[in-house]
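Participant: sequence and computational prediction follow.
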Amino acid sequence: MKSLSELLQSGGVTAKVTCNAESGDSSPVLFSTATDEKQFYTTDDSSGIIEIALEGGGICPSSYAFAHGSPVSFPSTYFMRNWDFDGWNGTDWITLKSHRNDETVQKPKVLYKWEISADVTNGQEFTQFRFACRGANSSGCYFMFVKSLEIYPRR
């Protein structure tokens, strides 16, 4: 089974990203390294979502990683602290990993990684993933910033 970046690089799968911000880009996007130029962020809204939809394949994830990014007009210190990383199995959104007061993310453009329990994925492949805001970031507001994303498959 291939990781997200391997699937995208092979050309058989595309990923479209949507988010609730005016600058949200819904064109096909490749998330592969912390140096990617594309960034996605939500508005200052406690119900913010960044969603990644795969077309042409799915992933049964064992872990995921993302790098914090922010546009030049925002401080780079709005680190996510409270969010869910969810997967769509074709019927329901399944929370793959919940984060509450998670202080792992401390620097922009650094890839941070979290494990996903096999009990949660139950062998399912997911074709959509989302970051769902569940509370304030490190600056006390609700912006969520994602610069890069990697999803690692269960082997």
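Facilitator: In hand now; what should we look at?
Participant: which parts of the protein are strands?
Facilitator: 14-19, 40-41, 49-55, 61-67, 83-88, 93-99, 111-115, 128-133, 145-146, 148-153 (DSSP state E).
Participant: now mean neighbour count and distance to residue 122 too, for those strands, in CSV please.
Facilitator: No exception for glycine: its C-beta is placed from N, CA and C like everyone else's. Below are those laid out as CSV (neighbours: other CB atoms under 10 Å; distance: least, CB to CB, whole Å):
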stretch, mean neighbour count, distance to residue 122
strand 14-19, 19, 23
strand 40-41, 24, 28
strand 49-55, 19, 19
strand 61-67, 21, 12
strand 83-88, 21, 11
strand 93-99, 16, 9
strand 111-115, 14, 15
strand 128-133, 21, 16
strand 145-146, 24, 26
strand 148-153, 22, 15
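Participant: identify whichever of those strands lies nearest to residue 5.
Facilitator: For those, proximity to residue 5 was assessed by CB to CB; strand 148-153 is nearest, at 5.9 Å.
Participant: list the neighbouring strands of the closest one plus their orientation.
Facilitator: Using DSSP bridges, strand 148-153 pairs in its sheet with strand 61-67 (antiparallel).
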